[in-house]
Structures are given as C-alpha cells and as structure tokens.
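J.: fold the stuff below for me.
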Amino acid sequence: MTTLVAAQRNGIATVPVRLVVRRGTNGGRRQDAAKVTIVGPSLCAVAAVGLSLHSRGGGGRRPTNRAQPASDSPNVRSHYTALAAVGDTRGREDSSGVPAFVRSPEALDEQVLSLALPAIVALCAEPLLSAIDTGFVGRLPNPALSLGGLGVATTIFDFVFRCYNFLCVVTVPLVAKAAAARRVGNLDGPDPAQITGRVVGLAAFLGIVTWATLVAATPTALQWAGTSEESSLGAIASGYIGIRAAALPASLVNTVAVGAFRGQLDTVTPLQVTSVQIFTNVVLCSVLVFGVDALGIPALGVEGAALATAASVWLCCIAFCTLLSRQGLIAWEAALTWPLALSELQELVVGGAAQLLRTLSLQAVLLEFTRSVVGIDGGGLAVAAHQVALRIWFFALFALDSVAVAAQALLPVAMTSSGTTPARRVALRLLGWGFGGGLLTGSLIFVTAASLCTLFTNDPSVQAAALPLIVLVAALQPLAGLVFTWDGMFQGLTDYAYLAVAMALSAGGTLAVLQVDQLSGSLEGVWTCFALFLGLRAAGLAWRFWGPEGPLTPAPIGKAATALSGTERD
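T.: Predicted coordinates:
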C-alpha cells in the first residue's frame, strides 16, 4: 500500500514523501522509509546529506486480539493521507504498528532532520526573489528613497500573494488523494490531471482579474500603504507595481503547479524550476537595474528590478506548464472549462476559507506596520531600514518553518497510531527543536548583523537605522521558533478554526496598541509592536497547547482523539 502525505503551512506545501507499507507473508507490515534525492544546484547539496539515509524496518504479526484503534477507521486514514509526509529514516514499527519516532527520541530527531533539511531549501525560495530586488536596489544612487519605494510595493505584493496561498495549500491534498487512489487501482475517483487543470484555470482567471484590479486601484493601494502617487516614494512604488503586476497570472499558476507536483510526490521538479527562476532573476537584475553600456541597455533602476522579476516569473510559468504537459499531469481542457465544475472545487473553497482569514489578519498587521513607518519621515530612511529588517525576518521565518514542516508531518501520525499522550511527548520534543532552532538562527543573525546590513545596502544611514532592528529580530528568534512549531502542530491536526481566530485576536490587539502615537511615531516603537504581535500569538498558541480544550490535551475521555476520530480513546 502506498501512502502519500504532504503537509502544508502558510501557503507553502511542504516536502511530500512516499511511505511504502508492504504486507509480509506472515501478515505483518514492513515499512520502507522514503529516500529523497534533491537534484539541483549547489544550494541543495547540504539538504542532500540529510536525505541520503535509507533504512528498512522489520515487520511482525499484528496481534489479532488487539482492539483496532479508532484512528484506523477509513475516514481518519483518508483524512491524514494528504496531510503529513513521513520519510522516516528510522521507519521501523513494533508489533503494534507504532512508528519508531513515537517510541524513540533519537529516531524522532533523525526524522525531524530528514523532513526539515529539504524544507529549508524549498521554503527559503519564496523570500529570495524580493531579497534579490532589495539587494540590487539598495545600491542605487539614492538607496533610501529607492528602498523605501520598493518596500511599499513589495508589502502590497506580499499581501496579494498571501491572499492566494490557499491555491497551493489545498491543491496538494486534492491531487495527493486522487493520485494515491489511482496508484492502488481505484479509477472511479477524481482524475488528478483534471483537478490540476481546473485549479490552474481558476488561478489564471484570478491572476488576470487581480492584475487588472491592482493596476486600476494602485492609488488606493498606495494610500492603504501610507503614501500616494504624488510623493517621490509613491511614484517609485507605482512604477514597480505597474510592471510586476503583469506577472500575477503566472505567479498564481506557478503556485498551483508547485502544489500539483508535490501532490504527485515530486519535490525535485519545483526545486529545479525555482532555482532557474532565481538565477534568471539575478542575471536580469544585474543587467536591467544598472544597465550595460556596451550593449546599449539603459539603467532602469527600481523598474528594472520589477521587469527582471516579472520576466523570471513568466519563464518559470512556461517551464512549469511544459513539464506538467510532458508528464501528463494536467488536462488543459479542464483548465478551459473550470467554471463548469465549480461544485468539484468546493473542497478547495472550504479548505481555503480559514487559511484566508488567518492570512488577512496577518497581512493587515504587516500593512499597518508599513503605513506607520512610511509616516515617520518623508525621505524614505525609516522605510528603507524597515525593508531590510523585514527581509531578514522573513528569511529567518522560513528557516524556522522547516521545523513546523516536521510538526505537520509527525503529529497526525503519532496521534492516530498511539493516542494523545505519546503524541504530546512528540510535540514537546518538537518544541525543543523549534526553540533550539530559534536560538541558533538568533545567534547567527546577532553575530552577523552588521554584515547583513551591507548585503542589502551600502548607505551608512540606512545601515545604522536597520542595525538595531536586526538585533531585535535576532532576539525574537527563540520565541518565533516556538510560535511557528505550534502553528505546524495545529495545522497538522487540522485545528484551522482556532488558528484563524487566534491570529485575528492577536492582530486586533496589536493594531489597537499601534494607535498609540508614541509607538507608531518611531521605528523602534513600530518594531516593539511587532514583538508584541509575536508575543500575543505565542500566548494564544500556548493556551491551546497547555489549556483544557486543545487537541493535544490529555483527557480521561480522550477529547483530543475524539476530535480526530469521533471515538473516545486515551
């Protein structure tokens, strides 16, 4: 039997791995851990080291007199089939079918590494494009103003992209379940190629509509971000938006393509295509931002960065569509006729609703931060420093999210195979990983803070303004590691409603405090509110973990397992 598991978090589907379970001749089970090979540029070399392990577990007859756990019911099994990937490098089971990582802390540590290492490579690709633009624009003649305009524009695009992250989040399990059914001979279910085609068609439609809307509503969007087209800052941001918005249809199609490949157990192709996209963006930025006199190419500045990004996104889209077609993973007629199959996309809509609410709450806070920073000074110095610190924060965020990937994968399996108490032990060790990862990233950021400033700009004033913010980013990393790990746990246990409500409440509290002039009127005050936002999120998630009603709360009547399987068990 082949089980597909694919976790998701914040719109980015994580590394799916095939878990092969073979029935032995004696009725036992033998689990072969997945062997993942990442093929790509040197960026992937480190990840490959952690993925080269391959072990095979022993079987054993399952006792016939053992009560069948409620989580073995078909509904629960099919539910988790597309939720978590278990590439268990120590994938042995005992006679009761309990995975090794549930019983052994050492096996759990190896399992976390096997999932987290490739996730770092994949997750860090998203913020890299904006960071590339920031790095080149920060070396223009007026870096403070240029970075400030770019910061406003990228904040608007971050908001747009995250509003649509449900396209990838929900595509992965939809395709995964359909593909898994086909592999075991069930041809009566949905065709994964049809699903991919419909979602690609929907994504292209949404991208075109959003492109037209954003271009038409650019003045309004800039006002939301705290500036206007008449200002120098707004003029730079408007030019960037007008060019990069042309790639919105391609960006949303790329999001679906990544989900479709990962749903088909293919993580190599998205990494390869993304690597080519990043390389192309670097080359085009170096040419278009500064110009090449020998070739007669003028220096386009910030607009050159926008053009480079848009071109690399469209190149990525062409590559994805070509590969989907060659591998027979998309039905293009379904892409053209998706409006006739809206009822079949209901799961996509329902699954994305809670994610969208959570995303909107988060982006509302980030947008208000940008509005406040823009109002601090008219020269763009504060916005430039804010942009540099925010890019570093996002890089650290995606690195720490790799632990959340493991949490999404392992918690559902631990819960369904062993119950609440063992799952909670796994969760506590995962929290240790998250906190330890935060300590590591925080230490690295603190030690290299001055060097990180020079990577993004050569303006001494911007470097001086950004340095204390980067130090604060470093100090927040341990708490961030806990928050992101908790997020991954509760998403793995499909506690989406609580996550959405908790994010909304944290956002509301932060926005209320941000109205205090003493805080919103200074860069340090705005980032103090940023730290408050993280603290409120941590408080809400800690309550869910240690409180009386959480999905991991041990209870005599088995509340956690009841929520998952509809049957009381400890």
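J.: now do the strands in the stretch 301-450 of the chain.
T.: For the stretch 301-450 of the chain, no strands are identified by DSSP state E, counting those that start in this stretch.
J.: the helices in it, which residues?
T.: For the stretch 301-450 of the chain, helices defined by DSSP state H, counting those that start in this stretch occupy the ranges 302-326, 332-336, 346-374, 381-418, 420-447, 449-456.
J.: export the ones you listed as JSON lines, with columns for mean pLDDT, distance to residue 154 and mean neighbour count.
T.: In short, each C-beta sits where N, CA and C put it, glycine included. Putting the helices of the stretch 301-450 of the chain into JSON lines (pLDDT from 0 to 100; distance: least, Cβ to Cβ, whole Å; neighbours: other Cβ atoms under 10 Å) gives the following:
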{"stretch": "helix 302-326", "mean pLDDT": "93", "distance to residue 154": "10", "mean neighbour count": "21"}
{"stretch": "helix 332-336", "mean pLDDT": "87", "distance to residue 154": "29", "mean neighbour count": "17"}
{"stretch": "helix 346-374", "mean pLDDT": "80", "distance to residue 154": "9", "mean neighbour count": "19"}
{"stretch": "helix 381-418", "mean pLDDT": "80", "distance to residue 154": "7", "mean neighbour count": "26"}
{"stretch": "helix 420-447", "mean pLDDT": "90", "distance to residue 154": "20", "mean neighbour count": "19"}
{"stretch": "helix 449-456", "mean pLDDT": "87", "distance to residue 154": "13", "mean neighbour count": "18"}
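J.: quick one: which of those helices is nearest residue 525?
T.: Closest approach to residue 525 among those (Cβ to Cβ): helix 346-374, 8.3 Å.
J.: got the angle for the host helix or strand of residue 257 vs helix 302-326?
T.: Assigned by DSSP states H and E, residue 257 belongs to helix 248-263. Counting by axes from the mean of the first three to the mean of the last three Cα atoms, to 10 degrees, helix 248-263 lies at 40 degrees to helix 302-326.
J.: what's the neighbour count on the residue nearest to residue 458 when sequence neighbours are not counted?
T.: Distance criterion Cβ to Cβ, 6 or more residues apart in numbering; nearest residue to residue 458, sequence neighbours excluded, is residue 139 at 5.7 Å. For residue 139, the neighbour count with other Cβ atoms under 10 Å is 15.
J.: residue 327 versus residue 139, what's the distance?
T.: Relative to residue 327, residue 139 is positioned 41 Å away (Cβ to Cβ, to the nearest Å).
J.: try residue 205
T.: Distance, residue 205 to residue 327, using Cβ to Cβ: 24 Å.
J.: swap in residue 364?
T.: From residue 364 to residue 327 the distance is 39 Å (Cβ to Cβ).
J.: again with residue 552
T.: Taken as Cβ to Cβ, the span from residue 552 to residue 327 is 39 Å.
J.: more neighbours, these two?
T.: Per other Cβ under 10 Å, whichever of residue 552 and residue 327 has more neighbours is residue 552, with 25 against 14.
J.: so the more buried one sits against residue 486, correct?
T.: No: at 10.0 Å, residue 552 and residue 486 do not qualify as touching, with contact defined as Cβ atoms under 8 Å.
J.: overlap in contacts, those two.
T.: residue 545 (Cβ atoms under 8 Å, 6 or more residues apart in numbering).
J.: give me the pLDDT for residue 206.
T.: pLDDT, residue 206: 92.
J.: for stretch 197-206, which outside residues touch it?
T.: Under the contact criterion Cβ under 8 Å, 6+ apart, stretch 197-206 has outside partners 164, 167, 171, 174, 249, 252-253, 255-257, 259-260, 330-338, 341, 344-345, 348.
J.: let's see that with 7 Å instead.
T.: Here stretch 197-206 makes contact (Cβ atoms under 7 Å, 6 or more residues apart in numbering) with 164, 167, 171, 249, 252-253, 255-256, 330-336, 338, 341, 344-345, 348.
J.: sorry, back to before: secondary structure element for the residue nearest to residue 458?
T.: Applying DSSP H and E, one finds residue 139 in no helix or strand.
J.: does it touch residue 455 like I think?
T.: No: look at residue 139 against residue 455 with Cβ atoms under 7 Å: they stay out of range, at 10.4 Å.
J.: so where's the stretch 451-570 of the chain uncertain?
T.: Applying pLDDT under 70 to the stretch 451-570 of the chain picks out residues 492, 555-570.
J.: strands of that one, residue ranges please.
T.: Going by DSSP E, counting those that start in this stretch, the stretch 451-570 of the chain shows no strands.
J.: please enumerate the helices of it.
T.: For the stretch 451-570 of the chain, the helices defined by DSSP H, counting those that start in this stretch occupy 460-492, 496-513, 517-520, 523-546, 559-565.
J.: nearest to residue 150 among these would be which one?
T.: Checking these against residue 150 by Cβ to Cβ gives helix 460-492 as the closest, at 12.2 Å.
J.: who does that closest one touch, helix- and strand-wise?
T.: Secondary-structure packing of helix 460-492 (3 or more Cβ pairs under 7 Å, 6 or more residues apart in numbering; DSSP states H and E): strand 8-9, helix 143-163, helix 381-418, helix 420-447, helix 449-456, helix 496-513, helix 523-546.
J.: export the ones you listed to JSON lines and tack on distance to residue 321?
T.: Shown next, in JSON lines, are the helices and strands packed on helix 460-492 (distance: least, Cβ to Cβ, whole Å):
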{"stretch": "strand 8-9", "distance to residue 321": "22"}
{"stretch": "helix 143-163", "distance to residue 321": "19"}
{"stretch": "helix 381-418", "distance to residue 321": "26"}
{"stretch": "helix 420-447", "distance to residue 321": "36"}
{"stretch": "helix 449-456", "distance to residue 321": "33"}
{"stretch": "helix 496-513", "distance to residue 321": "30"}
{"stretch": "helix 523-546", "distance to residue 321": "37"}
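J.: out of those, which comes closest to residue 466?
T.: That would be helix 381-418 among the helices and strands packed on helix 460-492, by Cβ to Cβ, at 4.0 Å.
J.: tell me what angle the closest one forms with helix 523-546.
T.: Calculated by the same axes, to 10 degrees, helix 381-418 forms an angle of 10 degrees with helix 523-546.
J.: and the angle for helix 381-418 with helix 346-374?
T.: Using the same axes, to 10 degrees, helix 381-418 lies at 150 degrees relative to helix 346-374.
J.: tell me how far helix 381-418 lies from the chain's centre.
T.: 7 Å (Cα atoms, centre = their mean, to the nearest Å).
J.: in terms of secondary structure, what does whichever helix or strand comes after the helix holding residue 257 contact?
T.: The C-terminal neighbour of helix 248-263 among helices and strands, as given by DSSP H and E, is helix 268-288. With contacts taken as 3+ Cβ pairs under 7 Å, 6+ apart, helix 268-288 sits against helix 125-137, helix 248-263, helix 302-326.
J.: one more time with 8 Å
T.: Packing contacts for helix 268-288, counted by 3 or more Cβ pairs under 8 Å, 6 or more residues apart in numbering; DSSP states H and E, involve helix 105-123, helix 125-137, helix 248-263, helix 302-326.
J.: nearest to residue 234, out of the ones you listed?
T.: Residue 234 sits nearest to helix 302-326 of all those, at 12.3 Å, using Cβ to Cβ.
J.: check the offset of that closest one from the chain's centre.
T.: Its chain's C-alpha centre and that of helix 302-326 lie 20 Å apart, by Cα atoms, centre = their mean.
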